[in-house]
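Undergrad: Fold the following.
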Amino acid sequence: MRFIIVLHAAIWPLFVSAQDMEVDLELFLAVDVSRSMSPEELDIQRRGYAEALTSPEVTAALQSGPLGRIALTYVEWAENHAQRVIVPWTLIEKTEDAAAIAARLTASFDPSLRRTSISGALDHAAKAFDGNGFAGLRQVIDISGDGPNNQGRPVLEARSDVLGKGITINGLPLMTEDAFSNIWGIPDLDVYYAECVIGGVGAFVIPVHGWAQFPDAVRRKLVLEIADLTIAPRVFLAQATPEYDCMVGEKMWRQNRSYFDIP
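TA: Residues are numbered from 1 along each chain as shown. Below is the predicted model:
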């Protein structure tokens, strides 16, 4: 049995630029928009985050920090080197700040992109903290997705580099069922995220088993991250295998591309 919640203490960066604004948390929201996501699902994701950011629970979590403010960016990702910034690094200090981000998220919706490169998203996110104008007590990458890595470098390599910078990675595996689930998805995506994606102090996974659960899952996740809670019962319960294959997504892609004649 692998436990995902890890007790931890915040570690202040060793070097903080005098120009950087101090915040409780620098939070990078990395949201999957690969082609396995339908337009309806993309809409649910954006609106779910918008609803969560303006919820009383998230507002209370924001106010519970020693500084009472965080910095947040919302980036959609798909294949390697395919990331688009929807909300650039933005200070959230008041409810009006969160409402402005929510309005931006629901203003327009773009079509999904192609493949799934979790490693590419992690690489992009890790670089985004440099020179963003903020200095956080904690730095967290929050990554959601409905399938395993199938493009870019191995996800374990990307994770190792991110953790080496002291950044925590949390996961929101979307274990929903649709036309693509049996083709590109895996039944134990929560275990994949636990074994291959997340890491760092306090890392956790919150699986989503149906789109109706999505808004509540996002709200719980943001509260845990913003308030820096170390005890979260039943966030993740799964039996991990001794030697999990973190290349399962790449193997599925090679197998399926010939069947579907994908270039």
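
Undergrad: Could you list the low-pLDDT ranges of the stretch 101-250 of the chain?
TA: 108-114, 178-185, 229-242 (pLDDT under 70).

Undergrad: try it again with 80
TA: For the stretch 101-250 of the chain, the stretches with pLDDT under 80 are 107-115, 177-185, 228-242.

Undergrad: residue ranges for the helices of it, please.
TA: The residue ranges that make up the helices of the stretch 101-250 of the chain, judged by DSSP state H, counting those that start in this stretch, are 118-128, 155-164, 181-184, 189-192, 214-227, 248-260.

Undergrad: Between those helices, which one is closest to residue 140.
TA: helix 214-227 (5.5 Å; CB to CB). In short, each C-beta sits where N, CA and C put it, glycine included.

Undergrad: contact partners of the closest one?
TA: Residues outside helix 214-227 that contact it (CB atoms under 8 Å, 6 or more residues apart in numbering): 24-25, 27, 44-45, 47-49, 51-53, 55, 57-58, 60-62, 64-65, 70, 140, 142, 170, 172, 174, 204, 206-208, 229, 232, 235.

Undergrad: PyMOL command for the buried members of these?
TA: Those of the contacts of helix 214-227 that meet the burial criterion (16 or more other CB atoms under 10 Å) are gathered into one PyMOL selection, given here:
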select buried, resi 24+25+27+44+45+47+48+49+51+52+53+55+58+61+62+65+70+140+142+170+172+174+204+206+207+208+229+232+235
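
Undergrad: Cross-check the contact I'm expecting between residue 211 and residue 42.
TA: No - the criterion here is CB atoms under 8 Å, and residue 211 misses it with residue 42 at 11.2 Å.

Undergrad: Please, which helix or strand holds residue 46?
TA: Using DSSP states H and E, the secondary-structure element containing residue 46 is helix 39-53.

Undergrad: So for that helix, mean pLDDT?
TA: Helix 39-53 shows a mean pLDDT of 88 in the predicted model.

Undergrad: which helices and strands sit right next to that helix?
TA: If contacts are counted by 3 or more CB pairs under 8 Å, 6 or more residues apart in numbering; DSSP states H and E, helix 39-53 sits against strand 21-32, helix 95-105, helix 214-227.

Undergrad: So what angle separates the directions of the helix or strand that that helix is followed by and helix 95-105?
TA: If you walk from helix 39-53 toward the C-terminus, the next helix or strand you reach (DSSP H and E) is helix 56-63. Going by axes from the mean of the first three to the mean of the last three CA atoms, to 10 degrees, helix 56-63 is angled at 120 degrees with respect to helix 95-105.

Undergrad: Just the CA atoms of the helix or strand just after helix 56-63, as PDB, please.
TA: Per DSSP H and E, helix 56-63 leads on to strand 70-77 as the next helix or strand towards the C-terminus. Output of strand 70-77 as PDB, limited to C-alpha atoms (Å, rounded to 0.1, in the frame of the first residue of the first chain):
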ATOM      1  CA  ILE A  70      -1.100  33.200  -3.600                       C
ATOM      2  CA  ALA A  71       0.100  33.400  -7.200                       C
ATOM      3  CA  LEU A  72      -1.600  31.200  -9.800                       C
ATOM      4  CA  THR A  73      -1.300  30.400 -13.500                       C
ATOM      5  CA  TYR A  74      -3.700  28.300 -15.600                       C
ATOM      6  CA  VAL A  75      -2.100  26.500 -18.600                       C
ATOM      7  CA  GLU A  76      -3.700  24.000 -20.900                       C
ATOM      8  CA  TRP A  77      -1.400  21.300 -22.300                       C
END
